[in-house]
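Peer 1: Provide a 3D model corresponding to the input given below.
(one chain, ligands or ions: 1)
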Amino acid sequence: MLKVGLLGVGRIGGVHARTIAAHPGSALVAISDAIAENAETLAAQHGAAVRSSEDIIADSAIDAVLIATPTDTHSALIEAATAAGKAVLCEKPVDLSLPRARACQTAAAATGQPVMVGFNRRFDPNFGAMKAALDAGEIGKAELLSITSFDPAPPPVAYIEVSGGLFRDMMIHDFDMATFFMGAAPVAVSAFGSSLVDPAIGAAGDVDTAVATLTYADGRLAVIKNSRRAAFGYDQRVELLGSGGLLQAGNMLENSVVKSTAAGVTGAKPMHFFLERYMAAYEAEWAAFVEAVKGGTPVPITLDDGVLALAMADAATQSVQAGQPVLLADILSA
Ligand SMILES: NC(=O)c1ccc[n+]([C@@H]2O[C@H](COP(=O)([O-])OP(=O)(O)OC[C@H]3O[C@@H](n4cnc5c(N)ncnc54)[C@H](O)[C@@H]3O)[C@@H](O)[C@H]2O)c1
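Peer 2: Residues are numbered from 1 along each chain as shown. Model prediction:
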């Protein structure tokens with residue numbers, strides 16, 4: 001039984017608490033939160049202790065930690081936990097600063113402890129089935145990837161101000177999906193962004209609507225579209241054109257009822273947001289982590305993947321500012 005400490009129980013930490021406790025191979029033994037009361041109800045529900053993050057990391061009886069604290073704490077907690085001999089699953093992104101994330105990557109690697117980054121979309125059953133079909137050669141070589149990722153509504157501006165911007169906070173998931181499907185890092189990133197949803201987001205120096213184009217060394221292409229607003233709910237679709245066919249994953253709907261009347265044909269909206277749409281993915285993500293740690297096999301998403309996605313986000317941010325494509329090599333050598 002993997003004994004697990006959960007650090008941070010806000011929006012996503014609450015999901016992870018249930019997932020850790022529900023898995024037959026892991027036990028949720030301790031929970032921390034900067035505001036201890038946030039942890040108390042969940043801890044009582046799962047028979048876990050409320051402790052500080054430092055205490056949990058220092059406890060040699062705890063095998064692994066799941067880090068679901070705000071992004072600016074991730075690198076330091078990964079470093080402390082791996083130095084204390086713990087396996088780590090950390091929420092995305094690794095950090096808001098690429099140099100800081102790379103320092104964390106080096107420090108964690110030196111400990112030999114496994115660190116997995118929480119790019120949960122790789123575990124979505126639909127996207128996973130697409131990847132399995134691609135890997136089985138069913139559409140030939142992946143040539144043109146198109147990702148649509150629209151949130152139902154923007155977060156508060158206070159969140160935007162500390163988020164690192166749309167590319168590091170939101171599109172980072174899609175950058176990782178691009179790596180997942182294209183199987184390589186792009187050579188260059190071109191991005192355009194606007195503030196169309198909320199002028200306050202623009203005033204805070206961020207964009208809420210963006211497009212990024214990724215170009216690969218062999219000429220293959222990926223296009224990612226993000227918006228912080230979709231009036232009909234959470235829009236998460238992927239289309240992959242290969243040399244021998246096409247794979248598409250559409251939205252998961254609130255129900256499968258289709259109403260056909262003289263007025264037309266209508267169906268349900270997409271599942272509202274990430275907590276609904278990706279619940280199965282969070283469970284599969286945790287199961288993959290437990291399997292790798294217990295089996296002594298490599299975790300499926302590493303700090304290298306986390307650093308790559310962050311570098312792509314930095315390239316996109318710089319591309320919007322510069323109005324021209326940015327080479328990933330320039331970002332990584334800066
Ligand atoms: N993979 C996903 O789908 C997904 C979804 C949402 C958020 N996230 C990521 O998860 C992280 C948390 O996001 P959130 O929306 O849950 O934030 P949140 O603000 O709702 O929750 C963070 C919690 O951490 C606590 N905290 C702060 N510092 C702490 C520390 N040192 N030790 C213990 N607890 C501490 C806070 O009190 C808060 O309760 C972010 O990095 C975010 O990018 C990922």
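
Peer 1: Can you tell me which residues in the stretch 1-150 of the chain are near the ligand?
Peer 2: Proximity of the stretch 1-150 of the chain to the ligand, by C-beta under 6 Å from any ligand atom, involves residues 7-13, 32-35, 38, 53, 68-71, 73, 91-92, 118, 120. C-beta here means a position set from N, CA and C on the backbone, and glycine is covered the same way.

Peer 1: try 5 Å this time
Peer 2: 7-8, 10-12, 32-35, 38, 53, 69, 71, 73, 91, 118, 120 (C-beta under 5 Å from any ligand atom).

Peer 1: Give the buried subset of those residues as a PyMOL selection command.
Peer 2: Buried subset of these, written as a PyMOL selection, criterion 16 or more other C-beta atoms under 10 Å:
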select buried, resi 7+8+12+32+33+38+53+69+71+73+91+118+120
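
Peer 1: Now intersect the residues of the stretch 1-150 of the chain next to the ligand with the strands, please.
Peer 2: Here DSSP state E is the test, and those give 7, 32, 91, 118 as lying in strands.

Peer 1: I'd say the third one and residue 68 touch.
Peer 2: Going back to what we said before, that points to residue 91. Yes. The pair residue 91 / residue 68 is scored as a contact, 5.1 Å apart, by C-beta atoms under 8 Å.

Peer 1: which residues are common contacts for these two?
Peer 2: residue 12 (C-beta atoms under 8 Å, 6 or more residues apart in numbering).

Peer 1: wait, what's in contact with the residue nearest the centre of the chain?
Peer 2: Geometric centre of the chain, nearest residue: residue 119, 3.3 Å, by C-alpha atoms, centre = their mean. Listed by C-beta under 8 Å, 6+ apart, the contact partners of residue 119 are 92, 173, 176, 177, 180, 301, 305, 306, 309.

Peer 1: what about the closest residue to residue 164 other than its chain neighbours, which SS state?
Peer 2: Counting by C-beta to C-beta, 6 or more residues apart in numbering, residue 164 lies nearest to residue 96, which is 3.9 Å off, once chain neighbours are set aside. Put simply, residue 96 is coil when judged by DSSP: H, G, I helix; E, B strand; the rest coil.

Peer 1: mind listing what residue 96 touches?
Peer 2: Counting by C-beta under 8 Å, 6+ apart, the residues that residue 96 touches are 71, 72, 164, 168.
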